[in-house]
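>>> for reference, the sequence and a predicted model appear below.
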2 protein chains.
Amino acid sequence: MANSPTGDSVITRVVRLMSAFDRDLPSMTLSGLARRADLPLTTAHRLVEELVRHGLIDRLPGGELRPGMRMWELAARGSQALTLREIALPFMEDVQAAVHQHATLAVLDHGSVLYVERLSSPDSPLDAAHIAQRMPLHAASSGLVLLAYSSPEFQREVLAGPLEKVTPETLTDPQLIRKYLAEIRQRGYVALPGIGVTEWTGIAVPVLGPGNGIAAALNAIVPRAEANVPFVVPALLTAAHGISRALGAESRHPARRP
Amino acid sequence: MANSPTGDSVITRVVRLMSAFDRDLPSMTLSGLARRADLPLTTAHRLVEELVRHGLIDRLPGGELRPGMRMWELAARGSQALTLREIALPFMEDVQAAVHQHATLAVLDHGSVLYVERLSSPDSPLDAAHIAQRMPLHAASSGLVLLAYSSPEFQREVLAGPLEKVTPETLTDPQLIRKYLAEIRQRGYVALPGIGVTEWTGIAVPVLGPGNGIAAALNAIVPRAEANVPFVVPALLTAAHGISRALGAESRHPARRP
């Protein structure tokens, strides 16, 4: 494979280019892109020209560059994120109709929380948990749920750290986190204020897949001053049960005939 | 850039690998992937190993490969598909609540219709217009709307063909299509049965962006036997007006004070 003088492959350099775009900076000039991707301008130019030919990057009329729809299409067509989303969305709408709060769906991917769906509460400001954003597992209610139902080996690995303090209230003591994980498995939900974003409380429950392994976390994000946990939890549990069933999990509480 | 014996670059080969996955075949073995991408097994193996290291392809426990969540994340974070989707989704929910039919949002990308959002009518079978799928412009109501508001040069280019007959009812006569395009611009909507999928009628309206250029098409997909066009059109027009406003279009019918 063609390596640059620093030994990076073409794929690595393309990943660096595409990673330079984000929600806050969805388009930029070639020189800005080269700088953010830490690539020589000539290298960036050559790669970008080919990415534009493939539609993976679009050139706007003013010359700025942004990720192309073809990139999104390639990623989305075979993606389990979309399948999960298609299955979960109707149930998430039910949650929102009941509790009128932000609802998110998150998966565990490469050691962090990745938000794959979000329904927003209209006009409610929440600059976090956007679709395709990530959070550390220990700093999000969704992450604690995903961790609680993961293997003991994986839990050990995560709790060995580092455990970044995202807010003053982020849990960073492995012993304390273990206590919460046990509580989550027992109660079936978690509700913790301020561990990821100070002003907000995340209330999260597990979504199970085939074989009853953990598939996702369903989460309501509520202004902490108004967090009505006893009201939100049953709505989340009901929806999560529906999503789990639709994903092919077996019911944990099979209906019995008298 | 490292070219293969056939002259393909690394980027071209990676695009061919990623294009091999789709909705009907979301995971496959390495040899299946190499075959579908038309690459030698050793080449596919080397590229896949690196894509797995980057998380762009995931290896399932049984050894099958599928697109990784990291691929979706890279494509989604800076993507205008997600921004448009976030803006449009609440209005699409309103449409669905009113008409109880499939609602889709589509954009014009590289000469075809690309569906970027879809809300499904529960339990209604429609195996078309999935998210991230494409259709030829002339064989979809959304496509005709997108074409109607495109530049005359682009219209000429599309109508010069080829114009594939997707169903027996697909319009393939450039003169007839021109007539419909003029009608769409005059009426503000199109409703045509069976041009893309025989049993369904697509009812589509334009969504405008900043400067009142065409940004997307909002579409309801209705079983043709039950297509209640006079009922569906006002719901679509209302929602499309809301999405256009939220995208920054100027109102075409400014409110006047008496």
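Thanks, I have it.
>>> what does the pLDDT read for the residue of the stretch 101-250 of chain A found nearest chain B?
Proximity of the stretch 101-250 of chain A to chain B (Cβ to the nearest Cβ) peaks at residue A:132, 3.8 Å away. Where you see a C-beta, it was placed from the backbone N, CA and C, and this is true even at glycine. Here, the pLDDT recorded for residue A:132 equals 84.
>>> would you say it is within a strand?
No: under DSSP: H, G, I helix; E, B strand; the rest coil, residue A:132 falls outside any strand and is assigned coil.
>>> wait, doesn't it sit right on residue B:76?
Yes: here residue A:132 reaches residue B:76: they are 3.8 Å apart, a contact under Cβ atoms under 8 Å.
>>> now stretch A:231-244: buried residues?
Within stretch A:231-244, the residues scored as buried using 16 or more other Cβ atoms under 10 Å in any protein chain shown are A:232-233, A:235-236, A:239-244.
>>> low-confidence ranges in the stretch 51-200 of chain A?
Counting by pLDDT under 70, the stretch 51-200 of chain A shows low-confidence ranges at A:78, A:122-123.
>>> interface residues of it facing chain B?
For the stretch 51-200 of chain A, the contact set with chain B under Cβ under 8 Å from any Cβ of the partner chain comprises A:51, A:54-56, A:66-83, A:86, A:89-90, A:93, A:107, A:109-110, A:114, A:116, A:119-120, A:122, A:131-134.
>>> ranges for the strands of chain A?
A:57-59, A:65-67, A:102-109, A:112-119, A:134-136, A:190-193, A:200-208, A:214-223 (DSSP state E).
>>> so what's residue A:106 up against?
A:113-116, A:129, A:140, A:142-143, A:146, A:216-217, A:219 (Cβ atoms under 8 Å, 6 or more residues apart in numbering or on different chains).
>>> let me know how buried residue A:214 is, in neighbour terms.
The tally of other residues near residue A:214 (other Cβ atoms under 10 Å in any protein chain shown) stands at 20.
>>> my read: it touches residue A:204, true?
No: Residue A:214 sits out of contact with residue A:204 when judged by Cβ under 8 Å, with a separation of 11.6 Å.
>>> between those two, which contacts overlap?
With Cβ under 8 Å, 6+ apart, residue A:214 and residue A:204 have common neighbours residue A:145.
>>> okay, residue A:132 and residue B:76: which has more neighbours?
residue B:76 (26 against 22).
>>> follow-up on the earlier one: buried subset of the residues of the stretch 51-200 of chain A next to chain B, written for ChimeraX?
The following ChimeraX line selects those of those that are buried, judged by 16+ other Cβ under 10 Å:
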select /A:51,54,55,56,66,67,68,69,70,71,72,73,74,75,76,77,78,79,80,81,82,86,89,90,93,107,109,114,116,119,120,131,132,133,134
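>>> what's near enough to touch residue A:86?
Neighbouring residues of residue A:86 by Cβ under 8 Å, 6+ apart: B:118, B:120, B:131.
>>> tell me, which of those residues make contact with chain A?
Checking the contacts of residue A:86 against chain A (Cβ under 8 Å from any Cβ), the matches are B:118, B:120, B:131.
>>> run a quick neighbour tally on residue A:173.
11.
>>> got the contact list for it?
Residue A:173 neighbours (Cβ under 8 Å, 6+ apart): none.
>>> could you list the domains of chain A?
If you go by automatic domain parsing, the domain ranges for chain A are A:10-75, A:78-247.
>>> chain center to the last one, what's the gap?
Spelled out, that is domain A:78-247. 9 Å (Cα atoms, centre = their mean, to the nearest Å).
>>> follow-up on the earlier one: looking at the domains of chain A, which is closest to residue B:24?
Relative to residue B:24, the nearest member of the domains of chain A by Cβ to Cβ is domain A:78-247, separated by 9.2 Å.
>>> and the nearest residue in space to residue A:163 that is not next to it in sequence, how many neighbours does it have?
Closest residue to residue A:163 apart from its sequence neighbours, by Cβ to Cβ, 6 or more residues apart in numbering or on different chains: residue A:172 at 4.3 Å. Per other Cβ under 10 Å, the neighbour tally for residue A:172 reads 15.
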